[in-house]
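1. Make a model of this:
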Amino acid sequence: MSSHHTSIPSYNALMRYAKMLGFGSIHTVIDAKTGLHAIVAIHSSKLGPAIGGCRFYEYKSSELALKDVLRLSYGMTLKAAASRLPHGGAKAVIIKPKGKFDRAALFRRFGDFVQTLNGQYITAMDMGTTVEDMNAIVERTPYVIGAQLPGRVDQDPSPSTARGVFRAMQAAVKFKLNKNNLKDLHVAIQGAGHVGYVIAKHCIEDGAKVTIADINKIAIEKCKRDLHVDVADTKDIESIYCDIFSPCALGGTIDLDFVNKLKAKIIVGAANNQLANHQFAHVLADRDILYLPDFFINAGGLIISALIYTHQDLEMGNRKIDEIYQNTLFLLERAAKTNKTTTLVAEEMALEKLKS
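-> Reported below is the predicted structural model:
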């Protein structure tokens, strides 16, 4: 969740926002015994059962938790539709209890809650949740992705997210620089977590020079040791001279200050909701900076999760992720032809799929 927006919206404003986004349903559970306070927002199940991760976070208020779950759920619908998956979009947030609590009991209780939704919502890992949490949920409901069950294929979705973002990066380079690879290009990556690390690895293998920044010293040490990347301070990474800037940390970081500091010509990253405001898509376009909308390119994790859940087929998942390259080229050509922002065209493409 972006640290840029901490003003607490009113409940009425949030309901107006939900209406504007065309929400399907919002479900809440409060359980005093385990300390569970969860919200599941199902934006759409038009294309099929809604998939979306479960966030576990210390929200300052219920309103901020609700705002987050609405925003993220809508993004999941766009992501699933843009990726042509037979799924709708949803999200869950659990407000992390203060003080001591039994984590496994809390997640089992959340599993009971998911079960009451009768398969309309399939949960998965997200910020703050782990495989152990999914294992607790699966004790109570089959509607979960990422639990380790005997005899079932499963894997961490992070490398798949990274693979999709990297394929989009290659498409952006082909479109803007007419190059078939990243050889001799400089990529600056903000965030060295599971996804950022794998993107850095792909870039280096494709011939790029990589500079990375993260507040997590352990993650940075791992990147230095394994990948021999350059390291920048977190406050300097946005203004570094590079060809491609890749935001892979928190959302909401692309604001006016960022746009004014940026020295890159291409922005391709894994972070969700990168634009602090939709208007910044126009500002980037005016400055001839190619921006790829996050929901369109960071769907690799969702794709692999959905296809493993339904078909138990990793290869099928990887083939589908590689389609992000062609889809991105199509998006960029359409945006150039219609003189619209890439964000607007990506949303149009997703909504066309929803309507068809």
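2. tell me which element V114 falls in.
-> helix 103-116 (DSSP states H and E).
3. actually F56, not the one I wrote
-> With DSSP H and E as criterion, F56 is part of strand 50-57.
4. likewise I26?
-> Per DSSP H and E: strand 25-31 holds I26.
5. What strands flank that strand, and is each parallel or antiparallel?
-> strand 36-44 (antiparallel) (DSSP bridges).
6. C-alpha coordinates for the strand it pairs with, CSV please?
-> The C-alpha atoms that make up strand 36-44 are tabulated as CSV, following Å, rounded to 0.1, in the frame of the first residue of the first chain:
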residue,chain,number,x,y,z
LEU,A,36,-9.7,-12.2,12.6
HIS,A,37,-11.1,-9.1,10.9
ALA,A,38,-11.2,-9.8,7.1
ILE,A,39,-12.7,-8.2,4.1
VAL,A,40,-13.2,-10.0,0.8
ALA,A,41,-14.1,-7.8,-2.2
ILE,A,42,-15.3,-9.6,-5.3
HIS,A,43,-15.3,-7.2,-8.1
SER,A,44,-16.5,-9.5,-10.9
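7. That one vs helix 103-116, what angle?
-> Per axes from the mean of the first three to the mean of the last three C-alpha atoms, to 10 degrees, the angle that strand 36-44 makes with helix 103-116 is 30 degrees.
8. how distant is strand 36-44 from the center of its chain?
-> 17 Å (C-alpha atoms, centre = their mean, to the nearest Å).
9. So for that strand, what gets flagged as buried?
-> 36-44 (16 or more other C-beta atoms under 10 Å). Just so you know, the C-beta spots here come from the backbone N, C-alpha and C atoms, and that holds for glycine as well.
10. Show me the domain layout of this structure.
-> 11-138, 158-299+327-355 (automatic domain parsing).
11. and the last one, what's its mean pLDDT?
-> Average pLDDT, domain 158-299+327-355: 95.
12. now what about the longest helix anywhere in the chain, what contacts it?
-> Ranked by residue count under DSSP state H, the longest helix found in the chain is helix 314-338. Helix 314-338 has contacts (C-beta atoms under 8 Å, 6 or more residues apart in numbering) with 82-83, 153, 155, 160, 163-164, 167-168, 170-172, 174-175, 290, 292, 296-297, 299-300, 303-304, 307-308, 341-342, 344-346, 349.
13. Just the buried residues of these.
-> Among these, the ones that count as buried (16+ other C-beta under 10 Å) are 82-83, 160, 163-164, 167-168, 170-172, 174-175, 290, 292, 296-297, 299-300, 303-304, 307-308, 341-342, 344-346, 349.
14. Mind checking which of the residues you listed land in strands?
-> L290 (DSSP state E).
15. tally of neighbours for T338?
-> Counted with other C-beta atoms under 10 Å, residues neighbouring T338 total 11.
16. Can you show me the strands along the stretch 101-250 of the chain?
-> Secondary structure of the stretch 101-250 of the chain, counting by DSSP state E, counting those that start in this stretch: strands at 121-125, 186-190, 209-213, 230-231, 244-247.
17. List the neighbouring strands of the fourth one plus their orientation.
-> Taking DSSP bridges as the criterion, strand 230-231 forms sheet pairs with strand 209-213 (parallel).
18. Phi and psi next, for the residue lying closest to V114 once chain neighbours are set aside.
-> Among residues not flanking V114 along the chain, T141 sits closest, at 4.7 Å (C-beta to C-beta, 6 or more residues apart in numbering). Backbone torsions of T141, given as degrees, to the nearest 10, read phi -150, psi 140.
19. likewise H228?
-> The phi/psi pair for H228 (degrees, to the nearest 10) is phi 50, psi 40.
20. measure it to I215 for me?
-> Taking C-beta to C-beta, to the nearest Å as the measure, H228 and I215 are separated by 21 Å.
21. Next up, the contacts around P159.
-> Taking C-beta under 8 Å, 6+ apart, one finds 194, 198 in contact with P159.
22. coming back round to it: how distant is the strand holding F56 from the center of its chain?
-> With C-alpha atoms, centre = their mean, you get 11 Å for strand 50-57.
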